[in-house]
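*Asks:* Generate coordinates for the sequence data below:
(one chain, ligands or ions: 1)
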Amino acid sequence: MENRGRSEAKLNQAVTKYLQRYGCLDSINNRNWSIKQSPLGGFGVFATRTIEAGEIIFTDHPVILGPRCLSSLPVQCTVCYRSKTPTVSKCPNKCGLHVCEECSKSQTHASECALLGRLSAGRDMSEHNERLTRSLTPLRGLLLDADDLDVVGCLVTTHAGPRPGGEALTLVEELRLGFTDEEYRLVCFVCGAFDANAFEVLTNEDEARSTIRGLYPLGSLANHRCFPNAFHVFDGNYRMITRASVEIPESAEIFHSYTRLLWGTVTRIHHLRNSKRFLCKCERCKDPTEFGTCLSALNCNRCPGKVLPVDPARSSSSWRCDTCSAIRDLGDISKTLSLIGAVIKGFAGDDFDIIYRFLTTKLTTLVPDCNQVAVELKYNINWILGYKSGYLLNEIPLDLLLIKKQYCDDILKLVDQLRLGKCRIKGLLCYEVYLCNEELKRRRIANGNNDEIVDDNEANIKLEEAADILKYDFSAPPLLKQRFNHK
Ligand SMILES: C[S@@+](CC[C@H](N)C(=O)[O-])C[C@H]1O[C@@H](n2cnc3c(N)ncnc32)[C@H](O)[C@@H]1O
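*Replies:* Sure, this is the predicted structure:
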């Protein structure tokens, strides 16, 4: 990893100054972290004392924030990111950006409109709106002051020097923007920094997925582990609040996860290799059973055993049955995985009948219940039952309500087995179990059936656990925010 003259002293100084400047004072005053050389290469963030599970490690401010580079971005205001406001329209100055009425008068938009006017030499950019929105985030690097640029310079990039990444190429070739050489180099650097370090930002509970991303200087210096010891949420001001998910001993390295936590090793390794360009060698990756969860397992076609990769880090690893020890042909494994992938791709995300039928019939012939695809489908079902029209919690039959609760319990067990501690998924699922229990109680009372046992204590424990984990999360369900008086 290139260090470009970075040193522990320089990084600690630049990041501290940055956090002070943006008022992230809890990261400084009660400081429990330090940036140090990591045995993984480059730098990382380390605990300077024991940090309790749930304790805040740091609050970080985005040095650059903006739309993700997705082709399916909704039309949103490029300043406040609201997409559901009727006043979002193209800027009348033809800079090509969408803004809402309120933000059209903001200083942020004025600066960006002027920058784009200059870079496009006054051309009408309105027709390039979509491409421009997707490319806007790295362009924001051109508007940073020297102090902010200094902290961006502390971050690693996926490509050293003036080699353009995908986004920079889009900007230059398709938008034909007139950069100076220095501007072009900076835009390329920011693109690379986003590739290596960006966080997807989720701050609206109505949005199922994030449409914006940010560069968080201290968050970006934390390395990855597939069973992280920290998790983060975002507050209403796009600040990243990083907390310990488990107790972190003094001097231990603090880790985020750069992948979905419930992906199996083969999927995680593929993602890390392709998008972050490194190979994780953590305990979870080295253990073919992933702490006994067998998330990657397929059915053996000779016996009731589970077939697992012998060396999950190698794409050419052989796969062996844990019961009869038969080696399964790699071609056969790829075929099974492609078949499952193709079927799932064809699903409409919220068609309960189709997903449930596949999960409980065809899929069981190919993979055991612990496989990551089964887990993912159970997770998806949880967001249909109780949320989609026709499946609201008070409408669904009892068997579906019990299925939802069972799936949440199954995934919560898995989260514990994977040593994930107080992670965001756990907070969300605890809340869902609470809702299921409340609905079961409501039905029992409505039916006058007081003999049926619904464990009130469990409901309250789950509610408290959810509220504790999601305490600072702006996208948390309103009930949790209200009950515990969160912002
Ligand atoms: C977001 S940065 C983390 C901070 C980085 N180590 C630095 O020195 O600035 C991501 C980069 O750190 C390295 N990295 C993070 N986690 C790693 C791990 N578990 N094993 C090896 N390299 C890792 C990879 O080079 C990755 O692209």
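
*Asks:* ok, now how distant is the residue in the stretch 351-487 of the chain that the ligand sits nearest to from residue 413?
*Replies:* Closest approach between the stretch 351-487 of the chain and the ligand, counting by Cβ to the nearest ligand atom: residue 419, at 15.6 Å. C-beta here means a position set from N, CA and C on the backbone, and glycine is covered the same way. Separation of residue 419 from residue 413 (Cβ to Cβ, to the nearest Å): 12 Å.

*Asks:* go on, residue 337?
*Replies:* According to Cβ to Cβ, residue 337 stands 25 Å off from residue 413.

*Asks:* who's more crowded, the two?
*Replies:* Counted by other Cβ atoms under 10 Å, residue 337 and residue 413 do not tie: residue 337 has more neighbours, with 17 against 11.

*Asks:* List the residues that contact that one.
*Replies:* residue 298 (Cβ atoms under 8 Å, 6 or more residues apart in numbering).

*Asks:* now the helix or strand harbouring it: how far from the chain's centre is it?
*Replies:* Per DSSP states H and E: residue 337 is located in helix 330-345. Here helix 330-345 is found 25 Å from its chain centre; the criterion is Cα atoms, centre = their mean, to the nearest Å.

*Asks:* Show the average pLDDT along the helix or strand that it is followed by.
*Replies:* Counting by DSSP H and E, the element after helix 330-345 in chain order, helix or strand, is helix 352-360. Mean per-residue pLDDT for helix 352-360: 94.

*Asks:* Would you mind naming what in the stretch 251-400 of the chain lies close to the ligand?
*Replies:* 276, 277, 278, 280 (Cβ under 6 Å from any ligand atom).

*Asks:* Out of the residues you listed, the closest to residue 373 would be?
*Replies:* Using Cβ to Cβ, residue 280 comes nearest to residue 373 of these, at 20.9 Å.

*Asks:* Go ahead and confirm that closest one touches residue 224.
*Replies:* Yes. Proximity of residue 280 to residue 224 meets the contact threshold set by Cβ atoms under 8 Å, at 6.2 Å.

*Asks:* Are there residues contacting both of the two? Which ones?
*Replies:* residue 272.

*Asks:* More neighbours: which of those two?
*Replies:* Set side by side, residue 280 and residue 224 show more neighbours around residue 280, with 23 against 18, by other Cβ under 10 Å.

*Asks:* wait, what's in contact with that one?
*Replies:* Residue 280 neighbours (Cβ under 8 Å, 6+ apart): 224, 225, 226, 268, 269, 272.

*Asks:* Can you give me the pLDDT of whichever residue of the stretch 1-150 of the chain sits closest to the ligand?
*Replies:* At 2.5 Å from the ligand, residue 42 is the closest residue in the stretch 1-150 of the chain, using Cβ to the nearest ligand atom. The per-residue pLDDT reported for residue 42 equals 92.

*Asks:* So it is in contact with residue 156, correct?
*Replies:* Yes. Between residue 42 and residue 156 there is a contact at 6.2 Å, judged by Cβ under 8 Å.

*Asks:* What segments of the stretch 201-350 of the chain are strands?
*Replies:* When secondary structure is read from DSSP state E, counting those that start in this stretch, the stretch 201-350 of the chain shows strands at 212-215, 223-224, 230-234, 240-244, 253-256, 298-299, 306-309, 319-321, 327-328.

*Asks:* so where's the protein uncertain?
*Replies:* The chain contains residues with pLDDT under 70 at 1-3, 159-169, 205-208, 450-455, 484-487.

*Asks:* Report the residue ranges of every domain in it.
*Replies:* Per automatic domain parsing, the structural domains of the chain span 8-61+216-256, 68-198, 276-483.

*Asks:* what's the closest of the ones you listed to residue 210?
*Replies:* Of all the domains of the chain, domain 68-198 comes closest under Cβ to Cβ, at 6.8 Å.

*Asks:* Need the distance between the two termini of the closest one.
*Replies:* End-to-end distance for domain 68-198: 10 Å, by Cα to Cα, to the nearest Å.

*Asks:* Please compute how far that domain lies from its chain's middle.
*Replies:* Distance of domain 68-198 from the chain centroid (Cα atoms, centre = their mean) equals 22 Å.

*Asks:* farthest pair in the residues of the stretch 251-400 of the chain next to the ligand?
*Replies:* Spanning the widest gap among these are 277 and 280, at 11.6 Å by Cβ to Cβ.

*Asks:* Would you mind listing which of the residues of the stretch 251-400 of the chain next to the ligand are buried?
*Replies:* 276, 278, 280 (16 or more other Cβ atoms under 10 Å).

*Asks:* For residue 35, see how far away the residue nearest to the second one when sequence neighbours are not counted is.
*Replies:* Nearest non-adjacent residue to residue 278, counting by Cβ to Cβ, 6 or more residues apart in numbering: residue 272, 6.1 Å away. Applying Cβ to Cβ, the value for residue 272 to residue 35 is 22 Å.

*Asks:* higher neighbour count, these two?
*Replies:* Neighbour count, other Cβ under 10 Å: between residue 272 and residue 35, residue 35 has more, with 25 against 18.

*Asks:* re earlier: tell me which of residue 42 and residue 156 has more neighbours.
*Replies:* residue 156 (20 against 14).

*Asks:* Apart from its chain neighbours, what residue comes closest to that one?
*Replies:* residue 196 (5.0 Å).

*Asks:* Is there proximity between whatever helix or strand that neighbour lives in and the ligand?
*Replies:* Per DSSP H and E, residue 196 falls inside helix 181-197. Yes. Helix 181-197 is in contact with the ligand by Cβ under 6 Å from any ligand atom, via 196, 197.

*Asks:* one step back: quick check: angle from the helix holding residue 337 to helix 352-360?
*Replies:* Interaxial angle of helix 330-345 relative to helix 352-360 (axes from the mean of the first three to the mean of the last three Cα atoms, to 10 degrees): 160 degrees.

*Asks:* in the longest helix anywhere in the chain, what's buried?
*Replies:* Assignment by DSSP state H gives helix 424-446 as the longest helix of the chain. Of all the residues in helix 424-446, those buried under the rule 16+ other Cβ under 10 Å are 424-437, 439-440.

*Asks:* again with stretch 258-267
*Replies:* Quick answer for stretch 258-267 (16+ other Cβ under 10 Å): 258, 259, 261, 262, 263, 264, 265, 266, 267.

*Asks:* Next: stretch 17-35.
*Replies:* Applying 16+ other Cβ under 10 Å to stretch 17-35 flags 18, 19, 22, 24, 27, 32, 33, 34, 35 as buried.

*Asks:* Which members of those occur in helices, if any?
*Replies:* The helices, defined by DSSP H, take in 18, 19, 27 from the buried residues of stretch 17-35.

*Asks:* Skipping its backbone neighbours, what lies nearest the last one in space?
*Replies:* Yep, that's residue 27 we're talking about. Using Cβ to Cβ, 6+ apart, the nearest residue to residue 27 is residue 58, at 3.9 Å.
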